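J.: Quick one: sequence plus predicted model below, questions after.
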Amino acid sequence: MKDLQDLSTVCVTTAVGLVCLTLVVRTWIRPERVPLGIEWAGRRQEFFGDIRACMREYTGGLKTMLLGYKKFNLRGKPFILPGTGFEPHVMLPPEFIKWLIDQPEGVLSHRLVQGEKLGLKYLLPAFDYTSDMAIIEAIRVHLTRNLGKVQGDLFDEMRHSVDQMLGLDETESKEVNLYDTLNEIVFKASGRILFGQDLTRNEKFMHYVLKFATWFGMGTVLIGQLVPWQFRRLVGSLCAIPTAYYRSMCANHLWPLFAERYENMQRKRDDPTFDYSPPENLITWMYRAAFDTKDQEITSGKPLAARFTVLVAGAIATSVVTSTNALLDLLGSDPDQDYYRLLREESEAVFLTESDWNNSTSLLKLHRLDSTIRESLRRHPIILRGLSRQVMPKDGVTLPNGQNIPQGAWLGFPVPAIQNDSRYYNEPDVYTPFRFLPTETTKRTMLVTTSDTFLPFGHARHSCPGRWFASHLMKLLFAYITIHYDIEPLKERPLNMIVGDHPIPPPWIKIRVRRRARYT
Ligand code: HEM
């Protein structure tokens, strides 16, 4: 009798255990992200195949994405790409891009994916990331339109920080950490145009803004992409503490500036005789755009100030990563090709006098440099899954091939796979910095031009509105560095690390630089 009781206890415990395990396993992968009828890439015939496929993505690099692209996308079929964070993503073939970008936000939502994939919902719970039209408009229209006017300031700040960071000593070379150096230079140069010289030269503010950018950057990847989705709220609330602290320290400096700018610009609108001309920088343009678009939410300086640090941190970090990739590509390239010298020659021919640095037409002549940065973005886009959208309608959406994708699934495109497809790029594995220069049969493609086969800035609606500014800044920076510094080539191009949805250049690489004699 006792034995029978023991046996039934074991059976009941096992059954309950199995039911619990099944429930956990079933919901471990976010169920709404897995549409039935679409095949997985990288899933094997094994117990808990879906979960193990997602786990392998933590160390798998680009393997699964490239494999899925070859096996499914090249035949016009979508596939499920397992993901870190246990949120798979449906990868569509490039022929579907036109269809995707034509869908309105109510059908395929861009914002919902960003909120989740960047962990914004958890990291900055009070942050309204769904309403930033004034900021986007200020960048897309006003910043881009005023690039010529602000170029002198941009160059002045960039030269000041390059000279400081890379040094003026022409007799001895100096070893510097590449990523940290570019981080500081790009932050200061961009900051001059985004928030003005007073703050870029304010060491306390710059310390807080760099700290905020680091915590915010690490937090978005950790929470939005690495932590399993069930634990995002928990881990997000922990990371939110330092992020909120540094954000409020930045806000202490920004807040009076925003309040003053808003009140005076508002007063000038009400009374055109009021004597006030604001400095031309992004803060002013944001209010101008908010007034022009009659943004109802902007009734004080506060709403825009609150969003500003987030924008600045995200926008500048992308330019830092892109500049680091471009310089690593150059320094690790075949020395016989002498690309660095060829870029120097081009820049020396363009920047003959001091005033050339302040003239935006100079930058239009840097064809080799434009192509070189574009080539690095082709090889190392900052995100792997591009044009991500969440399916919104209750009945799902129907893809151009007739397949239905249910509500809640994520759609996107495998950016590195498309940008390494030999149908679109000749010898895609070979670093060819001047690949985008015009030939007898092809026209020149500019760094900022997006297309179905070049997606590092996104494409169409929601594509990056800051790319003209980023291009301006990076070209000034590379022209100045190549003209004024010799840099020792690297033995080879160090590989990027894949962290969540981002390929990141190794942050520990050091380079040796020396100021050229005639330029001191
Ligand atoms: C090389 C540097 C940069 C790269 C590679 C880059 C890349 C991107 C990408 C991939 C997106 C998302 C597109 C999508 O979701 O489809 C984006 C969006 C955005 N970028 Fe950039 N970006 C850069 C620099 C900047 C700069 C300097 C600014 C601001 C001054 C900026 C402002 C923005 C904004 C506001 C958005 C959101 C657009 C929207 O949601 O409609 N970016 N960027």
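T.: Great, that's in hand. Numbers count the residues shown, from 1 in each chain.
J.: in the protein, which segments are predicted with low confidence?
T.: The model of the chain has pLDDT under 70 over residues 1-2, 4, 17-26, 128-131, 295-297, 301, 519-520.
J.: who in it is up against the ligand?
T.: Contact residues, the chain versus the ligand (Cβ under 6 Å from any ligand atom): 110, 136, 139, 311, 315, 318-319, 322, 382-383, 387, 456-458, 462-467, 469-470. From N, CA and C alone the C-beta is placed, and that goes for glycine too.
J.: Which of these fall within strands?
T.: Judged by DSSP state E, strands contain the following of the residues of the chain next to the ligand: residue 387.
J.: Of the residues of the chain next to the ligand, grab the buried ones for PyMOL.
T.: The buried residues among the residues of the chain next to the ligand can be selected in PyMOL (16 or more other Cβ atoms under 10 Å) with this line:
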select buried, resi 110+136+139+311+315+318+319+322+382+383+387+456+457+458+462+463+464+465+466+467+469+470
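J.: Could you report the separation of residue 367 from residue 480?
T.: 17 Å (Cβ to Cβ, to the nearest Å).
J.: Have a look at the two and say which one is more surrounded.
T.: Taking neighbours as other Cβ atoms under 10 Å, residue 367 and residue 480 compare with residue 480 leading, 21 against 16.
J.: Determine the set of other helices and strands touching the strand or helix carrying that one.
T.: Residue 480 is located in helix 467-484, with elements delineated by DSSP states H and E. Packing partners of helix 467-484 (3 or more Cβ pairs under 8 Å, 6 or more residues apart in numbering; DSSP states H and E): helix 147-166, helix 178-194, helix 302-331, helix 339-350, helix 360-364, helix 367-379.
J.: As a check, name the ranges of all helices in the stretch 401-520 of the chain.
T.: In the stretch 401-520 of the chain, the helices defined using DSSP state H, counting those that start in this stretch lie at 415-418, 467-484.
J.: Which one, of these, ends up nearest to residue 288?
T.: Closest approach to residue 288 among those (Cβ to Cβ): helix 467-484, 16.3 Å.
J.: sorry, back to before: what's the closest of the helices of the stretch 401-520 of the chain to residue 149?
T.: The closest of the helices of the stretch 401-520 of the chain to residue 149 is helix 467-484. By Cβ to Cβ, the value is 11.6 Å.
J.: Now that closest one - C-alpha only, PDB.
T.: Output of helix 467-484 as PDB, limited to C-alpha atoms (Å, rounded to 0.1, in the frame of the first residue of the first chain):
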ATOM      1  CA  ARG A 467      22.500  61.400 -41.900                       C
ATOM      2  CA  TRP A 468      23.400  64.700 -43.700                       C
ATOM      3  CA  PHE A 469      24.800  66.100 -40.400                       C
ATOM      4  CA  ALA A 470      26.600  62.800 -39.700                       C
ATOM      5  CA  SER A 471      28.100  62.800 -43.200                       C
ATOM      6  CA  HIS A 472      29.200  66.400 -42.900                       C
ATOM      7  CA  LEU A 473      30.900  65.800 -39.500                       C
ATOM      8  CA  MET A 474      32.600  62.600 -40.500                       C
ATOM      9  CA  LYS A 475      34.000  64.100 -43.700                       C
ATOM     10  CA  LEU A 476      35.400  67.100 -41.900                       C
ATOM     11  CA  LEU A 477      36.900  64.800 -39.300                       C
ATOM     12  CA  PHE A 478      38.500  62.300 -41.800                       C
ATOM     13  CA  ALA A 479      39.800  65.100 -44.000                       C
ATOM     14  CA  TYR A 480      41.400  66.900 -41.100                       C
ATOM     15  CA  ILE A 481      42.900  63.700 -39.600                       C
ATOM     16  CA  THR A 482      44.300  62.400 -42.900                       C
ATOM     17  CA  ILE A 483      45.900  65.800 -43.800                       C
ATOM     18  CA  HIS A 484      47.400  66.400 -40.300                       C
END
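J.: Just give me how far it sits from the chain centre.
T.: A distance of 18 Å separates the centroid of the chain from that of helix 467-484, by Cα atoms, centre = their mean, to the nearest Å.
J.: report the longest helix in the chain, please.
T.: helix 232-270 (DSSP state H).
J.: That helix: which residues count as buried?
T.: 232, 235-236, 239-240, 242-244, 246-247, 249-251, 253-254, 257-258, 261-262, 264-266.
J.: Which residues are in contact with the closest residue to the ligand within the chain?
T.: In the chain, the residue found nearest to the ligand is residue 466; the distance is 2.0 Å by Cβ to the nearest ligand atom. Residue 466 is in contact with 139, 143, 315, counting by Cβ atoms under 8 Å, 6 or more residues apart in numbering.
J.: try 6 Å this time
T.: Counting by Cβ atoms under 6 Å, 6 or more residues apart in numbering, residue 466 makes contact with 139, 315.
J.: what's the spacing between the closest residue to residue 335 other than its chain neighbours and residue 343?
T.: Leaving out its chain neighbours, the residue that sits closest to residue 335 by Cβ to Cβ, 6 or more residues apart in numbering is residue 489, at 5.5 Å. Distance, residue 489 to residue 343, using Cβ to Cβ: 13 Å.
J.: Looking at the two, which has the bigger crowd around it?
T.: Shown here are residue 489 and residue 343; by other Cβ under 10 Å, residue 343 has more neighbours (23 against 16).
J.: nearest residue to the more buried one other than its sequence neighbours?
T.: residue 482 (4.9 Å).
J.: Could you report the neighbour count for that neighbour?
T.: By other Cβ under 10 Å, neighbour count at residue 482 equals 24.
J.: dump the residue contacts of it.
T.: Counted by Cβ under 6 Å, 6+ apart, residue 482 has contacts 343-344, 347.
J.: For residue 500, state which of the residues you listed is nearest.
T.: Using Cβ to Cβ, residue 343 comes nearest to residue 500 of those, at 32.2 Å.
J.: Angles on the backbone of residue 90, please.
T.: Main-chain dihedrals, residue 90, degrees, to the nearest 10: phi -80, psi 120.
J.: and if you look at residue 358?
T.: For residue 358, the backbone dihedrals (degrees, to the nearest 10) come out as phi -100, psi 0.
J.: Surely it touches residue 150?
T.: No - using Cβ atoms under 6 Å as the test, residue 358 is too far from residue 150 to be in contact (10.0 Å).
J.: so the closest residue to residue 146 other than its chain neighbours, which of the three states?
T.: The shortest distance from residue 146 to any non-neighbouring residue, by Cβ to Cβ, 6+ apart, is to residue 280 (6.1 Å). When classified by DSSP: H, G, I helix; E, B strand; the rest coil, residue 280 comes out as coil.
J.: how deep is residue 280 tucked in, by neighbour count?
T.: The burial count for residue 280: 16, using other Cβ under 10 Å.
J.: Quick check: the gap between the spatially closest residue to residue 507 that is not a sequence neighbour and residue 37.
T.: Nearest in space to residue 507, with sequence neighbours left out and distances taken as Cβ to Cβ, 6+ apart, is residue 179 at 4.3 Å. According to Cβ to Cβ, residue 179 and residue 37 sit 43 Å apart.
J.: Residue 432 now?
T.: With distances taken as Cβ to Cβ, residue 432 is found 40 Å from residue 37.
J.: Between the two, point out the one with more neighbours.
T.: Each of residue 432 and residue 37 has its neighbours counted (other Cβ under 10 Å); residue 432 has more, 20 against 9.
J.: any idea how far residue 368 is from the more buried one?
T.: Note on residue 432: its distance to residue 368, by Cβ to Cβ, is 12 Å.
J.: now residue 351
T.: 14 Å.
J.: who has more neighbours, the two?
T.: In terms of neighbours (other Cβ under 10 Å), residue 351 is the more surrounded of residue 351 and residue 368; the figures are 21 against 17.
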